[in-house]
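**Student:** My questions are about this predicted structure, shown below with the sequence.
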Amino acid sequence: MPVKVGKFVYWTPRILSILFILFLAMFSLDVIEPGRSVGDIIIGLIMHNIPVFILTGLLIIAWKHELVGAVTFISAGLLYSGLTVFRAIHSEIPWYLSISWSLTIAGPAFLVGILFLLNWKRKRQQ
């Protein structure tokens, strides 16, 4: 039984983090519009994907060092939650919409970070 749990705790944060990064990358596709030049589209894709590039680089490090993954994804969730609170205070968007947007992005980031943390603790105990 411990072998199955160990594999689950090892692979789940890695697979979920890849899916999360792909989910974030999907949002950059909104820069592709008719009438925009290829240069504008490329610059827009690069700008929108900066968090994706950073998270991908840190995921490569976190593959072997789970604590890096825990800190990275929990920090990303906290950062996005803070930005959401700021947006809710300083815009006319209803607070409940801001919270739902925050849960969509920050929730999976927290989950992945917690799973990396569990994997790191399990690895330290062995």
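**Tutor:** Great, that's in hand.

**Student:** which residues of the chain fall in helices?
**Tutor:** Using DSSP state H, the helices of the chain run over residues 2-26, 38-48, 50-62, 66-89, 95-125.

**Student:** could you give the mean pLDDT of the shortest one?
**Tutor:** This points to helix 38-48. On average, the pLDDT along helix 38-48 is 95.

**Student:** how much distance is there from it to the middle of the chain?
**Tutor:** 21 Å (CA atoms, centre = their mean, to the nearest Å).

**Student:** Quick check: buried residues in that helix?
**Tutor:** If you call a residue buried by 16 or more other CB atoms under 10 Å, then helix 38-48 has these buried ones: 44, 48. Yep, even glycine has a C-beta here, placed from its N, CA and C like the rest.

**Student:** Which residues does it contact?
**Tutor:** Outside helix 38-48, the residues that touch it by CB atoms under 8 Å, 6 or more residues apart in numbering are 27-28, 30-32, 36.

**Student:** what's the answer for stretch 80-96, then?
**Tutor:** So stretch 80-96 is contacted by 98-99, 101-102, 105-106, 109 (CB under 8 Å, 6+ apart).

**Student:** closest to residue 75 among those?
**Tutor:** residue 109 (8.6 Å; CB to CB).

**Student:** Please give me every residue in contact with the residue nearest the centre of the chain.
**Tutor:** The centroid of the chain falls nearest to residue 109 when counting by CA atoms, centre = their mean (4.6 Å). Contact partners of residue 109, counting by CB under 8 Å, 6+ apart, are 20, 73-74, 76-77, 80.

**Student:** Quick check: buried residues in stretch 114-126?
**Tutor:** For stretch 114-126, by 16+ other CB under 10 Å, it's 115-117, 119-120.

**Student:** Quick check: mean pLDDT of stretch 97-109?
**Tutor:** Stretch 97-109 carries an average pLDDT of 88.

**Student:** hmm, which of the contacts of helix 38-48 are the buried ones?
**Tutor:** By 16+ other CB under 10 Å, these give 28, 31 as buried.
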